[in-house]
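>>> Build me a model:
(chains A, B and C)
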Amino acid sequence: MTTGTTTTTTTGASTAPGSASAPASTDSPIGGRRHLLSIADLGAEGIEEVMKLTDSFVEVSSRAIPKVPALRGKTVVSLFFEESTRTRLSFETAARRLSADVMTFSSSSSSIKKGESLRDTVQTIEAMGIDAVIVRHAGSGVPWQVSRWVHGPSVINAGDGWHEHPTQALLDCYTIRQQLRARGIQSAPALDGLRIAIVGDVRHSRVARSGVLAFAALGAHITLVAPPTLLPASLVGWPVEVSHDLESVLPKLDVVYLLRLQQERMIEALLPSLREYTATYGLTRQRAGLLPEGALIMHPGPVNRGVEIAAEVADLPSSVITNQVANGVAVRMAVLYRLLGSGVELAVA
Amino acid sequence: MTTGTTTTTTTGASTAPGSASAPASTDSPIGGRRHLLSIADLGAEGIEEVMKLTDSFVEVSSRAIPKVPALRGKTVVSLFFEESTRTRLSFETAARRLSADVMTFSSSSSSIKKGESLRDTVQTIEAMGIDAVIVRHAGSGVPWQVSRWVHGPSVINAGDGWHEHPTQALLDCYTIRQQLRARGIQSAPALDGLRIAIVGDVRHSRVARSGVLAFAALGAHITLVAPPTLLPASLVGWPVEVSHDLESVLPKLDVVYLLRLQQERMIEALLPSLREYTATYGLTRQRAGLLPEGALIMHPGPVNRGVEIAAEVADLPSSVITNQVANGVAVRMAVLYRLLGSGVELAVA
Amino acid sequence: MTTGTTTTTTTGASTAPGSASAPASTDSPIGGRRHLLSIADLGAEGIEEVMKLTDSFVEVSSRAIPKVPALRGKTVVSLFFEESTRTRLSFETAARRLSADVMTFSSSSSSIKKGESLRDTVQTIEAMGIDAVIVRHAGSGVPWQVSRWVHGPSVINAGDGWHEHPTQALLDCYTIRQQLRARGIQSAPALDGLRIAIVGDVRHSRVARSGVLAFAALGAHITLVAPPTLLPASLVGWPVEVSHDLESVLPKLDVVYLLRLQQERMIEALLPSLREYTATYGLTRQRAGLLPEGALIMHPGPVNRGVEIAAEVADLPSSVITNQVANGVAVRMAVLYRLLGSGVELAVA
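Numbers count the residues shown, from 1 in each chain, chains lettered A, B, ... in the order given. Next up is the predicted model:
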């Protein structure tokens, strides 16, 4: 997980992925090795390393007893200030399959109410000898802030505001490579020359920001497809093309990646109506027919069936949404193992 | 856990136990073996099999270290959309004593809020390789719906609306047999010829529905004792007698089973007052004196002391309410082991 | 953990520590050995015994795999009716490092809502064969009430109203001894002759009540420093001196212990303003300079930086707030081991 250089330019615009209000974590003395805050910490080499390790954990997950003793005696805390069944369950399943102890704090159960500041909570966690903190927060940059307060624990960004969600990008990269290989379409390592479109609310999407960083680092060509109101204010520094015409983009793709549309966007008047959004940017059955054979349909979930994707399209064989979820556990095992593992063999637990 | 025939008729009336809005799970290709949705899935033979297995787990529970490695590496998720300290704690204790990993989702902590549908949550759980989902939901039939969405995990019904609560019925059968044997009253297997009265709000009770199915399958004679407003609209297909006179029923019983009275029934005007209910259907000290020697007093808990049962009666030696709770853990170990176990010996963990 | 005599008088005033509405737990047949409700249960000998055991668990905590099999197969439930990240996390980390299974019930998730009484919840926990219940509740005396309802499980008081918080006092005693030894100031066992000031809202503080009992039992001289509105109505029976002048007290201290100031005190008009409180009772940089060299600054957390203590003072080397948190886990391991342990060796898990 060396901090290689990435193929993206992460300077020049405040909305560029990997920047926002958070400083580059590669400035930290540990060179991004102890924490996973941004995809930019990893670079192409680091991503490749996680991919290889994930192969091992996909194998572990297929065992009758899918458990290894690698992190026995380690304690992992999930500190979720924004609830997410899917991401929390995935991280906690990963930690348990590595034999770590897991404790959960969600905003409703934490004593933040009682006036306990985030800083105090984090320092308490550090003082107790916790080994890793998995942080999700509505504020961009919070995981960086947490990483500056701790000296012992590893900090893993499980989603900060509209900023980054690095393990989602890692599981997306892994799923693309795994599925294209299974279809005989891609044999090279990395994602060299793959054409990927990210469709929908890019502006408010940490999934899109981390995805762009990771796909670009691995050599893919990225097109953002969205109405102007759902694109970032500035795209300076983003290694992407932009289109407002989904139908013209679809026939050239290896992967179409649909983003979740939050209902709030209607209230904020960024969109006239769900119906109109679906009419222009939804992946209907007919539009799915424009994709080349073997192209993948992806979505980070949870899916709004009938909005960004038709229900029947979500269930097509080319839709790998379920594989993304399944690979999420293995990718997070790889990340936790890489950050916390002490070299214990991956034997049967 | 073969799907034997039961002695009840579960067709003919929409309110008959085992039917409601849910299809018989014996229609599923796996013949009710992978899931536990209804007592009707088990039949007399299946219930007997769980009883025998429960004997082993009562023994395990009495050990200094009451833990076996049977489900090591298996992951069980409790998905409770209705909170219940007692049932959730019982299932989770059972799973941990079998060395399974346990994750908890209650409605307040799940991201159902965020617009994540039940279906998405369940598919996520399936994709992550979870082995069993324990579902409690206010909607009748929800566990059947969940079972149709999954291909891998076992689904266990921990209570669906007014419909069924099969593990409660199993622990009740086990407790009756265990306690009557201890009192030298019953030596036969099954509950052949035992006279059981179920008293109270049968209409809204999943405990009563599953109990009637199980007690009848094992050969007991069942009398429902309740005011007409708290009986189901139709009793066609129920293998029961009905009485409105508790005092005339009590002297002939082996078991009196009191149901919990929800305070909401007053608001709904199904009852004039708690005081009047207690005066007519409460098990007072005086009425408890009408029971034959050795007869058992049961209640699924939590008890409204002074309403359906007098506080002093709940504490009599003939009251086996605490035994029901204790046996609940062993019965749920038996169910989890039967559904998920891979034949690992029940050695010391 | 014998119930030795303490140097405090716990009779004579309803507000004396160790009394309040709760009966002395030494009245119970098990002589305070099975439960930890009050510091008064332990006495000097009992405290010393926990301190010695804590030394072992500090060593365990420093291991690469800080886990021992001592409580394998035991189940511990944390029953928190008042939320507290810090205390709950500390107890649960301690239990897991001893290899116990841990289940969490917070007031929001428990079915107390459903009309399930505290008594029913506790009896359910007992019937399930749970080994220990860690109780936090806003009502003084609740852990005593719980201890009278159970015959099997150990009850540990994790804070009851304004009354007691015994494990906090134990970790404070341990931290004082550990840190003064490290500074070469104290070599004797116990806290003989040490001068400790407890500053702030003593009236509403269970930390202060348990602290006074423990520090006095070990031979320390205690001064309470607070405005009259934040002192208990009566101090009859408290083995303490009282001062309203922090600056005159500081130069003579070995330990200054600051209490957390709840914002509610302003609303209740017990204090004119936060600013005025800080001006008179806050440990500012300047006041911290009045302490003798090597004196310790302590706080139970979470800290209101800038109110009871200046941010820069909380970060001085003489501030041992982080050590208190770290020792909290080891002390709670010692308490759980003492109450539940069956003599299993403290080998590697």
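
>>> what does the stretch 151-300 of chain A have sitting close to chain B?
Residues of the stretch 151-300 of chain A found near chain B (CB under 8 Å from any CB of the partner chain) are A:Gln263. C-beta coordinates here come from the backbone N, C-alpha and C atoms, glycine included.

>>> Residue ranges in the stretch 151-300 of chain A under the pLDDT threshold?
Residue ranges of the stretch 151-300 of chain A with pLDDT under 70: A:187, A:189.

>>> Now for A:Ala100: which residues touch it?
Shown in contact with A:Ala100 (CB atoms under 8 Å, 6 or more residues apart in numbering or on different chains): A:71-72, A:74-76, A:131, A:336, A:340.

>>> Pull up the gap between the residue lying closest to it once chain neighbours are set aside and C:Arg203, please.
Leaving aside its sequence neighbours, A:Ala100 sits nearest to A:Leu71 (CB to CB, 6 or more residues apart in numbering or on different chains; 3.9 Å). Distance, A:Leu71 to C:Arg203, by CB to CB, to the nearest Å: 46 Å.

>>> Comparing the two, which residue is more hemmed in?
In terms of neighbours (other CB atoms under 10 Å in any protein chain shown), A:Leu71 is the more surrounded of A:Leu71 and C:Arg203; the figures are 27 against 20.

>>> Report the contact partners of that one.
Shown in contact with A:Leu71 (CB under 8 Å, 6+ apart): A:95, A:98-100, A:131, A:336-337, A:340-341.

>>> If you count contacts, what does the helix or strand hosting A:Ala169 end up packed against?
Per DSSP states H and E, A:Ala169 falls inside helix A:166-182. For helix A:166-182, the packing partners by 3 or more CB pairs under 8 Å, 6 or more residues apart in numbering or on different chains; DSSP states H and E come out as helix A:43-61, helix A:85-97, strand A:154-160, helix A:206-217, strand A:296-298, helix A:321-340.

>>> mind checking which of these is nearest B:Ser243?
For the helices and strands packed on helix A:166-182, proximity to B:Ser243 was assessed by CB to CB; helix A:85-97 is nearest, at 47.0 Å.

>>> so how far is that closest one off the chain centroid?
Distance of helix A:85-97 from its chain centroid, counting by CA atoms, centre = their mean, to the nearest Å, is 14 Å.

>>> do the same with stretch A:283-292
On CA atoms, centre = their mean, the centre of stretch A:283-292 falls 25 Å from that of its chain.

>>> Same question for stretch A:178-188.
Using CA atoms, centre = their mean, the offset of stretch A:178-188 from its chain centre is 21 Å.

>>> Without its sequence neighbours, what residue ends up closest to the residue in the stretch 51-200 of chain A that chain B sits nearest to?
Ranked by CB to the nearest CB, the top residue of the stretch 51-200 of chain A for proximity to chain B is A:Ile65, at 3.2 Å. Closest residue to A:Ile65 apart from its sequence neighbours, by CB to CB, 6+ apart: B:Gly73 at 3.2 Å.

>>> What segments of the stretch 201-349 of chain A are helices?
Using DSSP state H, counting those that start in this stretch, the helices of the stretch 201-349 of chain A run over residues A:206-217, A:246-249, A:264-267, A:274-281, A:285-288, A:311-314, A:321-340.

>>> quick one, which of these is packed in tightest?
helix A:206-217 (a mean of 27; mean count of other CB atoms under 10 Å in any protein chain shown).

>>> Show me what from the stretch 1-150 of chain A comes close to chain B.
A:61, A:63-67, A:83-86, A:89-90, A:92-93, A:96-97, A:106, A:108-109.

>>> Pull out the buried residues from those residues.
A:61, A:65-67, A:83-86, A:89-90, A:92-93, A:96-97, A:106, A:108-109 (16 or more other CB atoms under 10 Å in any protein chain shown).

>>> and A:Leu42, what pLDDT?
On the pLDDT scale, A:Leu42 is placed at 93.

>>> ok, and the closest non-adjacent residue to A:Tyr39?
That one is not Tyr; residue A:39 is Ile. A:Leu213 is the one closest to A:Ile39 (CB to CB, 6+ apart), at 4.0 Å.

>>> what about the one you found, distance to chain B?
Distance of A:Leu213 to chain B, computed by CB to the nearest CB, to the nearest Å: 25 Å.

>>> and if you look at A:Ala233?
26 Å.

>>> domains of chain A?
Domain assignment for chain A, taken from automatic domain parsing, gives A:39-162+A:326-340, A:166-321.

>>> Can you give the distance of the first one from its chain's centre?
Averaging C-alpha positions (CA atoms, centre = their mean) puts domain A:39-162+A:326-340 13 Å from its chain's average.

>>> One more: stretch A:253-273?
18 Å.

>>> got the end-to-end distance for it?
27 Å (CA to CA, to the nearest Å).

>>> Can you tell me what sits against stretch A:282-296?
Contacts for stretch A:282-296 (CB under 8 Å, 6+ apart): A:175-176, A:179-180, A:183-185, A:199, A:246-247, A:250-256, A:258, A:278, A:297, A:306-310, A:312-313, A:316, A:318-320.
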